[in-house]
Every structure is written in C-alpha cells, then in structure tokens.
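model the structure of this input:
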Amino acid sequence: MQPKKKLFGVAPAFIYENSLSDEISIARQIRAASAIASPNRLIVSLADKALGREGRMLRALDEMGPGSMLVEGRPFRIDLE
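Have a look, this model is predicted:
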C-alpha cells in the first residue's frame with residue numbers, strides 16, 4: 001500500500017490516480033465528491049499520451065461530464081486507495 005499523497009488540483013489528482021487505477025472509477029469518485037470538479041482537459045490529454053493510456057483518461061472525463069458552474073469553488077476531499 002502506498003502512502004497517501006496530498007495533491008492540490010483536480011487534474012493532478014486524476015492523473016496520479018489513473019497511473020495506478022481504472023480511469024472511469026476515478027472519474028466517478030471525483031464527480032461524487034464534487035459537483036464542480038473539472039480536471040483540466042489539456043493537462044489530462046498530455047498525461048494520457050505520456051502514460052500510453054490511448055484516450056482512456058479523456059473518455060473518463062467525457063463520462064464524468066462538465067462540472068457545475070458556480071461563482072465560488074468549494075474544497076473537497078476524496079480518499080483513494
């Protein structure tokens with residue numbers, strides 16, 4: 001079991017966890033934790049290519065859907081194994 005990492009930003013957390021796990025599952029956990037979470041698609045696309053994920057990370061973002069548009073963000077936390 002790896003030690004828990006503190007990651008700030010939705011895209012870095014999404015990328016890190018996807019290097020270890022299932023893309024769709026991580027996207028669903030992020031959306032369940034926050035209706036406003038919107039990983040940066042450009043950053044995720046670069047990671048998808050660098051990690052050889054063949055578009056799976058981008059398809060997970062598509063399934064996750066866009067975050068709700070709010071005037072202010074609300075911090076959230078998800079505990080990933």
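
quick one: contacts for the most centrally placed residue in the chain?
Nearest to the geometric centre of the chain sits residue 14, at 2.7 Å (Cα atoms, centre = their mean). Contact partners of residue 14, counting by Cβ atoms under 8 Å, 6 or more residues apart in numbering, are 26-27, 30, 39, 44, 57, 61. To be clear about C-beta, it is placed using only N, CA and C from the backbone, and glycine gets the same treatment.

so which of these are in helices?
Among those, DSSP state H puts 26-27, 30, 44, 57, 61 in helices.

contact partners for residue 57?
So residue 57 contacts 14-15, 18, 23, 44-45, 47-48, 51 (Cβ under 8 Å, 6+ apart).

restricted to buried residues, select these in PyMOL.
Of these, the buried ones go into a single PyMOL selection, burial set by 16 or more other Cβ atoms under 10 Å:
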select buried, resi 14+15+18+23+44+47+48
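
what about the contacts of residue 57, which are in strands?
Among the contacts of residue 57, none falls in strands (DSSP state E).

among the contacts of residue 57, which one has the lowest pLDDT?
pLDDT across the contacts of residue 57 is lowest for residue 18, at 67.

now the phi/psi pair for residue 66, please.
phi -70, psi 150 (degrees, to the nearest 10).

now swap in residue 10 and tell me
phi -70, psi -40.

how many neighbouring residues does it have?
When neighbours are defined as other Cβ atoms under 10 Å, residue 10 has 21 of them.

quick one: pLDDT of it?
pLDDT, residue 10: 75.

any idea how far it is from residue 55?
Residue 10 sits 19 Å away from residue 55, going by Cβ to Cβ, to the nearest Å.

where in this protein is pLDDT low?
1-8, 17-20, 70-74, 80-81 (pLDDT under 70).

how about the helices in it?
10-18, 23-33, 41-50, 56-64.

most neighbours per residue, which of those helices?
When those are scored by mean count of other Cβ atoms under 10 Å, the highest mean neighbour count falls to helix 10-18 (a mean of 21).
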